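>>> This is a predicted model, with the sequence first.
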Amino acid sequence: MARWLAIFEDQPEEQSSLVRKQFAKDHLDYLSSNEHGILLAGALRDEPEGGTCGGAWVLEASSRADAAALCENDPFYRHGVRKSYRLYAWGKAPVFGAVSL
């Protein structure tokens, strides 16, 4: 298994807010039902109290294709809230010791 970092870019808020509200529960249910592969997930904002502009996930998957499938099957991605994503193999710096997620 490898760890991956997915960085999502959302559609502009004015284009995605209704779809986001419609599929928010499905999105959270998806994260919960895939906790074996999506280890950590959260929204990205330009400012702490600002609107959501994307998301970031730490994934554990056997291959890039498996990690991409997790990203692309998310209801927010399938229904157009997410404009795009970038996927990187990720390894923590050794000075931080063990990381348990």
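Structure's in. What do you need? Residues are numbered from 1 along each chain as shown.
>>> residue boundaries of the helices in this structure?
13-33, 64-72, 75-78 (DSSP state H).
>>> how many other residues sit next to the nearest residue to L59 once chain neighbours are set aside?
With C-beta to C-beta, 6 or more residues apart in numbering as the criterion, L59 has its nearest non-adjacent residue at 4.2 Å, and that residue is W4. For every residue, glycine as well, the C-beta is placed using N, CA and C. A count of nearby residues for W4, using other C-beta atoms under 10 Å, gives 24.
>>> how close does W4 get to H79?
Using C-beta to C-beta, to the nearest Å, one obtains 22 Å as the distance from W4 to H79.
>>> do the same with L70
16 Å.
>>> Now for the closest residue to N34 other than its chain neighbours, how many residues are close by?
Excluding its sequence neighbours, the residue lying closest to N34 (C-beta to C-beta, 6+ apart) is L70, at 6.2 Å. Residues lying near L70 (other C-beta under 10 Å) number 21.
>>> same thing with the one 5 residues further on?
Close neighbours of P75, defined as other C-beta under 10 Å, add up to 19.
>>> thinking it is in contact with L31, fair?
No - P75 is beyond contact range of L31, at 9.9 Å (criterion: C-beta atoms under 8 Å).
>>> which ones are touching the residue nearest to L59?
Going by C-beta atoms under 8 Å, 6 or more residues apart in numbering, W4 touches 58-61, 64, 67, 87-90.
>>> so what's it bridging to?
L59, A89 (DSSP bridges).
>>> quick one on the thing from earlier: make JSON lines out of the helices of the chain and add mean pLDDT and distance to P94.
JSON lines is the format used below for those (pLDDT from 0 to 100; distance: least, C-beta to C-beta, whole Å):
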{"stretch": "helix 13-33", "mean pLDDT": "93", "distance to P94": "29"}
{"stretch": "helix 64-72", "mean pLDDT": "98", "distance to P94": "23"}
{"stretch": "helix 75-78", "mean pLDDT": "97", "distance to P94": "33"}
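>>> how far away is the residue sitting furthest away from the middle of the chain from S32?
No residue in the chain sits farther from the centre than V95, which is 25.6 Å out by C-alpha atoms, centre = their mean. Relative to S32, V95 is positioned 32 Å away (C-beta to C-beta).
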